[in-house]
Structures are given as structure tokens and as C-alpha cells.
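> Below: sequence and its predicted model.
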Amino acid sequence: MTENSCSDADLNAAVCGLLERESEKLGLVFAGAAGEETDGKFLEEYGRWLDDGCAGEMAYLKEHYPLLRNAASLLPGARSVLIFALPWPFPGNDCPPENGFISSYARGRDYHRVMRSKLKRLAVSLSALYPGASFRAAADSAPVPEVEKAAETNFGRRGRSSLLISEKLGSAFFLGEIVTDACIRKSFPEPADPCRGCMRCVRRCPGHAIRGDGFIDARKCVSYLTIEFHGAFTDEESLSVGGRVYGCDECLLACPWNRRRRAGSFDSDFTERGALLNLTLRDKLMLSEDDFLRLTEGSAIRRIGYLQWLRNTACALGNLSSDTDDIPLLESRSGLSEPLDAEIRRAAAKITLRAGARDKTSRTL
Ligand code: SF4
Ligand code: SF4
């Protein structure tokens with residue numbers, strides 16, 4: 001699809017200009033406007049990924065699959081999908097180990113809320129230019145193949161890590177969309193393959209989840225395990241989680257396209273909430289449910305719920321601690337859920353083993 005696909009080229013150019021300017025004022029980047037149909041080759045590959053079971057417990061992805069074909073399933077008569085990128089601060093792997101790791105995107109206000117409120121403001125500006133047209137804003141709240149749509153506009157290309165890589169923004173940004181029945185098109189010159197011979201993210205991925213073909217096996221991904229997966233970890237999964245309490249940034253940290261992204265100004269909504277981040281793993285484990293809810297008010301972290309938060313924290317403590325004083329702390333959280341109990345037992349066993357090995361070494365020395 002090109003800008004010329006819409007019959008009124010002058011209006012299209014004016015609208016795209018307005019979207020660029022208004023987006024910038026809101027801290028967004030206008031990432032192009034694609035047509036309503038989704039590329040068939042992508043749908044085939046994605047369908048195979050789902051059939052292979054790579055979505056794990058995310059059954060909604062399979063349910064939503066038929067809706068991905070055409071944006072008209074979200075908005076009757078849809079003709080365009082407008083894509084917007086919202087960069088988040090990407091400071092690097094900077095959480096002190098004793099605090100556990102929280103993914104950089106989740107350290108401020110919930111991006112779903114931030115993105116949606118900006119998109120709604122843009123939709124109001126668009127309504128003035130297209131009286132009578134409909135606009136539906138979405139940020140992870142509707143089945144839109146957003147990476148694919150942004151690749152269709154050439155804003156970037158899907159990298160080996162499955163994330164969209166933009167030459168301008170790297171891969172640490174959110175995508176949001178406005179679906180509309182107005183015809184708007186905007187595309188960019190086709191970018192080169194961002195990955196070429198690079199395998200950095202594949203080598204660095206703690207769960208060996210990156211398949212190399214632009215899709216990851218979510219079942220092995222630490223982000224999925226700590227956020228989407230509600231059950232008990234296997235030994236292998238627990239080990240791959242390492243010291244992470246919420247999400248994983250390793251494929252972002254590995255990617256050379258993110259190196260230039262470390263500096264710059266970002267939306268103040270993404271300012272880190274130190275009250276939660278700065279707690280040690282022990283304090284995180286001992287939070288009451290009320291305190292968890294208070295400290296995660298308006299944050300994406302709240303979505304995982306208290307019990308999953310405790311499971312992840314127990315897992316991280318078990319992977320890092322060699323202090324046997326942590327065992328009674330862990331055991332004091334027993335009896336709340338089976339996945340948490342399983343993690344507490346495993347963490348206690350690991351700490352005992354590590355403390356024993358340490359004592360043996362110090363006796364030898
Ligand atoms: S988020 Fe972490 S575990 Fe998931 S694919 Fe990226 S590096 Fe691998
Ligand atoms: S780390 Fe390398 S292989 Fe992975 S997405 Fe970035 S450029 Fe591509």
C-alpha cells in the first residue's frame with residue numbers, strides 16, 4: 001500500500017503531516033498508516049507458530065487469530081491502521097541484584113493507559129478532518145498484529161528477537177494503533193535487514209526462547225513465565241528466571257540497535273517508581289497484599305497479581321541467596337498457592353545447598 005492508495009492525495013498528505021506534528025507533541029512517533037488487510041505470509045507463519053503451541057497458556061491468541069486477517073473485524077468498514085510508537089526509558093541492566101530485576105518498561109505508569117490516552121487525543125484531532133469517520137484506539141487492548149502492521153509501513157522490520165527494530169528507535173518502544181474507516185496511507189523507504197549476521201539476542205536469551213526466525217517460543221521466555229504463566233515453574237524454568245521478578249530485558253540489552261537509545265528525554269509517566277523498585281527481594285517477598293496493591297497502583301506490574309508476584313520473588317531469592325536466614329522468610333509465605341509453595345520448597349533447597357557449599361569452601365581455605 002502506498003500514499004497514493006487513497007483517492008485524495010492532498011488530504012492524505014495533510015493528515016500525515018498533522019499526525020507527525022501532533023504525535024511529536026505527545027511524545028509519540030507516527031510510524032505510518034497501513035491498509036486494513038494483513039499480509040498472508042505473516043498469517044501463515046503466525047498460524048504455524050500457534051499450532052506448534054509456542055503461545056503457551058495464552059489461549060486468547062488462538063481465539064483472536066481469525067480477527068487478525070482484516071481490521072474490519074475491529075471496526076466495521078475499516079480501511080486503515082495508523083501505527084504509533086512510544087519509546088520508554090531504557091537505562092540498561094541496572095537493578096541491584098539484591099532487589100531483583102523489573103523490566104525497564106514496567107517501572108513507571110502502565111503503558112497501556114499512557115498510550116491509550118495519547119491515541120484518544122490524536123483521534124479527536126483526526127475527527128475534525130474526517131467528519132463522520134470512526135476511530136478506534138488500541139494499545140494491546142484489541143487483536144491487531146501491530147509488529148506486522150508497522151513492518152508493512154516499513155517503519156521497521158521484525159528482528160530475530162521478534163521485536164520490531166526501527167533504525168531510529170531501536171526496539172525499546174511500545175506500539176499502539178488507531179483503526180479507522182477513513183483512508184489514510186503512509187509508508188517509508190524499505191529498511192535493510194537489521195539482523196544480518198547478528199545472533200547476539202539468541203546467545204543471550206536466558207530461556208533459549210529465540211528461534212531465530214523472528215518468532216520466539218513464548219513457553220521458554222522469561223517475560224512470559226513471570227507475567228503470563230500462572231502455574232508452577234519446572235526446575236529448568238525456575239533457573240532461567242534467575243533474579244528476575246517481572247519481565248526480562250536481555251534481548252533488548254543484547255541488541256546493538258538499542259545502544260544509541262540509552263540517553264534522551266522520555267514521557268514523565270515513565271518515571272521510575274522507586275518505592276517498589278528499591279525494595280530488596282526480601283522486602284518484596286514480605287509485602288502484604290495491601291502494600292503490593294498500593295505500590296503497584298497504575299502500574300503494569302499489578303496485572304500479574306499478588307500470588308504471582310510472590311512466586312516470582314521466591315524464585316529470584318532462591319536463585320540468588322546463600323543466606324539460610326532467608327529460608328524461614330520464604331516458609332512464612334507458604335500455603336497461599338501451590339505454584340508459590342513449589343517455588344518456596346525449591347528456593348529453600350537451593351539456598352541450603354549453596355550455603356553448604358560456601359561453608360565447605362571456607363573450611364577448606
Ligand atoms: S525476553 Fe528474555 S527470555 Fe524472552 S526472548 Fe527476550 S531474552 Fe529471551
Ligand atoms: S540482537 Fe542482533 S539478531 Fe537480535 S534482534 Fe538485535 S540485531 Fe537482530
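Nice, I can see it. Numbering: from 1, shown residues only. Ligands and ions are numbered 1, 2, ... in the order given.
> Now do the contacts for residue 23.
Residue 23 is in contact with 29, 30, 84, 122, counting by CB atoms under 8 Å, 6 or more residues apart in numbering. Heads up, the C-betas are built off the backbone N, CA and C, glycines and all.
> Tell me the pLDDT of the third one.
Just to be clear, that refers to residue 84. What the model reports as pLDDT for residue 84 is 97.
> and it, what element?
Per DSSP states H and E, residue 84 falls inside strand 80-87.
> Each with direction, which strands does that strand pair with?
strand 29-35 (antiparallel), strand 173-180 (antiparallel) (DSSP bridges).
> quick one on the thing from earlier: when you check ligand 2, which of the contacts of residue 23 turn up near it?
Counting by CB under 6 Å from any ligand atom, nothing from the contacts of residue 23 sits close to ligand 2.
> so what does the lengthiest helix in the chain touch, helix or strand wise?
When the chain is parsed with DSSP state H, its longest helix is helix 338-364. Applying 3 or more CB pairs under 8 Å, 6 or more residues apart in numbering; DSSP states H and E, we find helix 338-364 packed against helix 235-241, helix 306-320, helix 326-331.
> 7 Å - rerun?
Here helix 338-364 touches helix 306-320, helix 326-331, going by 3 or more CB pairs under 7 Å, 6 or more residues apart in numbering; DSSP states H and E.
> how distant is that helix from the center of its chain?
The chain centroid and the centroid of helix 338-364 are separated by 32 Å under CA atoms, centre = their mean, to the nearest Å.
> looking at the strands paired with strand 80-87, which is closest to ligand 1?
strand 173-180 (15.0 Å; CB to the nearest ligand atom).
> CA atoms of the closest one as PDB?
What follows is strand 173-180, C-alpha atoms only, in PDB (Å, rounded to 0.1, in the frame of the first residue of the first chain):
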ATOM      1  CA  PHE A 173       9.200   1.200  22.300                       C
ATOM      2  CA  PHE A 174       5.500   0.300  22.600                       C
ATOM      3  CA  LEU A 175       3.200   0.200  19.600                       C
ATOM      4  CA  GLY A 176      -0.300   1.500  19.600                       C
ATOM      5  CA  GLU A 177      -2.900   1.800  16.800                       C
ATOM      6  CA  ILE A 178      -5.900   3.800  15.600                       C
ATOM      7  CA  VAL A 179      -8.100   1.800  13.300                       C
ATOM      8  CA  THR A 180     -10.300   3.900  11.100                       C
END
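> Report the closest residue of the stretch 51-200 of the chain relative to ligand 1.
Counting by CB to the nearest ligand atom, the stretch 51-200 of the chain gets nearest ligand 1 through residue 161, at 6.0 Å.
> What's the local residue count around that residue?
27 (other CB atoms under 10 Å).
> for residue 345, same thing?
16.
> ditto for residue 172
For residue 172, using other CB under 10 Å, the count is 22.
> Quickly note the distance from it to residue 159.
Counting by CB to CB, to the nearest Å, the separation of residue 172 from residue 159 is 12 Å.
> where does residue 205 land on pLDDT?
Confidence for residue 205, expressed as pLDDT, is 98.
> and what of residue 339?
98.
> Once you drop chain neighbours, what's closest to it?
Distance criterion CB to CB, 6 or more residues apart in numbering; nearest residue to residue 339, sequence neighbours excluded, is residue 232 at 4.0 Å.
> Within the helices and strands, which one has the one you found?
With DSSP H and E as the test, residue 232 turns up in no helix or strand.
> Could you double-check that it lies in contact with residue 340?
No - Residue 232 is beyond contact range of residue 340, at 8.4 Å (criterion: CB atoms under 7 Å).
> Residues of the stretch 251-365 of the chain that sit close to ligand 2?
254, 255, 256, 257.
> Report the residue ranges of every domain in the chain.
Domain assignment for the chain by automatic domain parsing gives 3-180, 273-360.
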